[in-house]
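Q: sequence unknown, structure follows:
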């Protein structure tokens, strides 16, 4: 940015400081320049030059007040109630001429991005009650939904936590310890069908996957709309409940269940393909008759029955958090370890299912408990899929899986997978996998330390909003967003 003749301003793009290039002639341009606490603004309506790569505004009159500027769809800045703003050219490109988002591909249109791969966190709210997860409908960039362990879903609308919950099912939920309301997932067509799904532990200790619908008010769900898709008995132990729901790029609902608890999988659930504990399940939820679910025909054991046919992958101990990469479709699964090893597994988007992640024969890549009557772990490792990353309990005690960043604010971090640990609350990342090993590891713990006296105490989950921005969920009630520094 440089000054020209008095009353003019020339902005030059295509540099390291501003890589954006003007590629076409412009109509009227609103200019808003902030330097420290001073804000300068003008509306350029006549141009000394107006063409490819160079626009020089002349005769710019300053408005009486910068605050007088009116939000205007079509100015390539998503603001106010706009979901997106790509210049108002067409409604067929994911962002309509009225600046409504109709495809995730346009989620970043009109949203500024910072240069560089440095990051920080900003506090969104500290008023949550034992939060467990955060998520958002695919096409709603204004709302983030946070599950609270006791059985409530809270709404954060345009950065503000609403007082009334979106849904309260506390009477149906057994809390606490590792039990409670553990996650929520919104149907890919939520904008039209208003359906969302929850994972909770019922008063008998069983795992429940249930469907609900929102009302015409986007901040209020209908508790009477409940349909229970699946209940998995979990009678003996209170731990290892799993807890994650997520829709894959194929439109099916994926469910991560724990092995049933008790240490060492005493019931041998994880390696038994006929049981639903210790598994990754894949469910067709577009079913409007009982039992409100179906077996996808291409599941690896689709002919195994109405329940066993749901199994997509086996050999998991407690896949507390997993997530799909929005860019590639790859699935990242963080499986909480026993006494030694925490692991992260990556399932390629091309997978046809059937992976066996090893538990409880292996913990991570280490031999744990040979399958009876064997006394040693198998030397043929072909049936097993091993972690791309693992760490021992000198660094933490329970891995918290996150997401591959695909957001708008930090484009240079796209493709970076973030994860943490419940006990040590570090924030680490890696970018890419080669030869079955995570690449480009990085420690973000110092960069993402909250400002002031606040700290990350127990990172229980990550969250992802409609734009792909990533959040850290601290169990003590705080929610942070990863932002440019």
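A: Okay, I see it. Bear in mind that the values here come from a model prediction, so they are computed numbers and not experimental data.
Q: Ignoring the adjacent residues along the chain, who's closest to residue 412?
A: residue 117 (4.5 Å; CB to CB, 6 or more residues apart in numbering). From N, CA and C alone the C-beta is placed, and that goes for glycine too.
Q: Give me the next element, helix or strand, following the helix or strand encompassing residue 313.
A: According to DSSP states H and E, residue 313 maps onto strand 311-313. Toward the C-terminus, strand 311-313 is succeeded by strand 321-324 as the next helix or strand (DSSP H and E).
Q: List the contacts of that following strand.
A: 243-244, 246-249, 254, 256, 280, 330-334, 400-404, 461-462, 464 (CB atoms under 8 Å, 6 or more residues apart in numbering).
Q: Out of those residues, name the ones that lie in strands.
A: 244, 246-247, 254, 256, 280, 331-334, 400, 461-462, 464 (DSSP state E).
Q: Okay, now the unreliable bits of the protein?
A: 1-30, 32, 34-40, 43-49, 51-70 (pLDDT under 70).
Q: Where do the helices of it begin and end?
A: Counting by DSSP state H, the chain has these helices, from start to end: 190-193.
Q: what are the bridge partners for the closest residue to residue 124 other than its chain neighbours, then?
A: Spatial nearest neighbour of residue 124, excluding adjacent residues (CB to CB, 6+ apart): residue 479 at 4.4 Å. On the basis of DSSP bridges, residue 479 is bridged to residue 125, residue 473.
Q: and the gap between residue 479 and residue 159?
A: Per CB to CB, to the nearest Å, residue 479 is found 10 Å from residue 159.
Q: Spell out which residues are contacts of both of those two.
A: Common neighbours of residue 479 and residue 159 (CB under 8 Å, 6+ apart) are residue 124.
Q: These two: which is more packed in?
A: Between residue 479 and residue 159, residue 479 has the larger neighbour count (other CB atoms under 10 Å), namely 24 against 11.
Q: Hmm, residue 134 and the more buried one touching each other?
A: Yes. Applying CB atoms under 8 Å as the test, residue 479 and residue 134 come out as touching, 6.5 Å apart.
Q: residues shared between the contacts of these two?
A: 146, 463, 471, 473.
Q: who does the closest residue to the second one other than its chain neighbours bridge with?
A: What it means is residue 463. Excluding the flanking residues, the one nearest residue 463 by CB to CB, 6+ apart is residue 134, at 2.7 Å. Beta bridges link residue 134 to residue 146, residue 463 when assigned by DSSP bridges.
Q: tell me the contacts of residue 134?
A: Residue 134 touches 144, 145, 146, 147, 461, 462, 463, 464, 465, 471, 473, 479, counting by CB under 8 Å, 6+ apart.
Q: The same query, at a cut-off of 7 Å, please.
A: 144, 145, 146, 461, 463, 471, 473, 479 (CB atoms under 7 Å, 6 or more residues apart in numbering).
Q: hmm, back to that, just put the ones in strands among the contacts of strand 321-324 in JSON lines and tack on neighbour count.
A: Output for the ones in strands among the contacts of strand 321-324, formatted as JSON lines (neighbours: other CB atoms under 10 Å):
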{"residue": "244", "neighbour count": "23"}
{"residue": "246", "neighbour count": "20"}
{"residue": "247", "neighbour count": "18"}
{"residue": "254", "neighbour count": "23"}
{"residue": "256", "neighbour count": "29"}
{"residue": "280", "neighbour count": "27"}
{"residue": "331", "neighbour count": "23"}
{"residue": "332", "neighbour count": "25"}
{"residue": "333", "neighbour count": "26"}
{"residue": "334", "neighbour count": "28"}
{"residue": "400", "neighbour count": "26"}
{"residue": "461", "neighbour count": "28"}
{"residue": "462", "neighbour count": "23"}
{"residue": "464", "neighbour count": "23"}
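Q: State the pair within these that is farthest apart.
A: Across the ones in strands among the contacts of strand 321-324, the longest distance by CB to CB is 20.4 Å; it joins 247 and 400.
Q: Go ahead and measure how far the biggest strand by length in the chain is from the middle of the chain.
A: In the chain, with assignment by DSSP E, the single longest strand is strand 221-232. Relative to the centre of its chain, strand 221-232 is centred 23 Å away, using CA atoms, centre = their mean, to the nearest Å.
Q: Likewise for stretch 322-339?
A: When distances are taken as CA atoms, centre = their mean, stretch 322-339 is centred 11 Å away from the chain's centroid.
Q: Straight-line length of it, end to end?
A: 21 Å (CA to CA, to the nearest Å).
Q: List the buried residues of that stretch.
A: 322-326, 330-338 (16 or more other CB atoms under 10 Å).
Q: How about the contacts made by residue 421?
A: By CB under 7 Å, 6+ apart, the neighbours of residue 421 are 342, 395, 396, 397, 398, 399, 400.
Q: ok, these vs residue 378, which is closest?
A: residue 342 (22.7 Å).
Q: Neighbours of residue 110, how many?
A: That count, for residue 110 with other CB under 10 Å as the rule, works out to 22.
Q: do residue 296 as well
A: The burial count for residue 296: 17, using other CB under 10 Å.
Q: Same question for residue 436.
A: Neighbour number of residue 436 under other CB under 10 Å is 10.
Q: going forward can the numbers begin at 2, since that is how I track them
A: Fine by me, first position is 2 from now on; the one you just mentioned is residue 437.
Q: Do I have it right that it meets residue 388?
A: No. Residue 437 is not in contact with residue 388 according to CB atoms under 7 Å; the separation is 8.6 Å.
Q: measure residue 181 to residue 153 for me?
A: Taking CB to CB, one finds residue 181 at 10 Å from residue 153.
Q: let me redo that: residue 324
A: 23 Å.
Q: Next: residue 84.
A: In terms of CB to CB, residue 84 sits 26 Å off from residue 153.
Q: ditto for residue 437
A: 41 Å.
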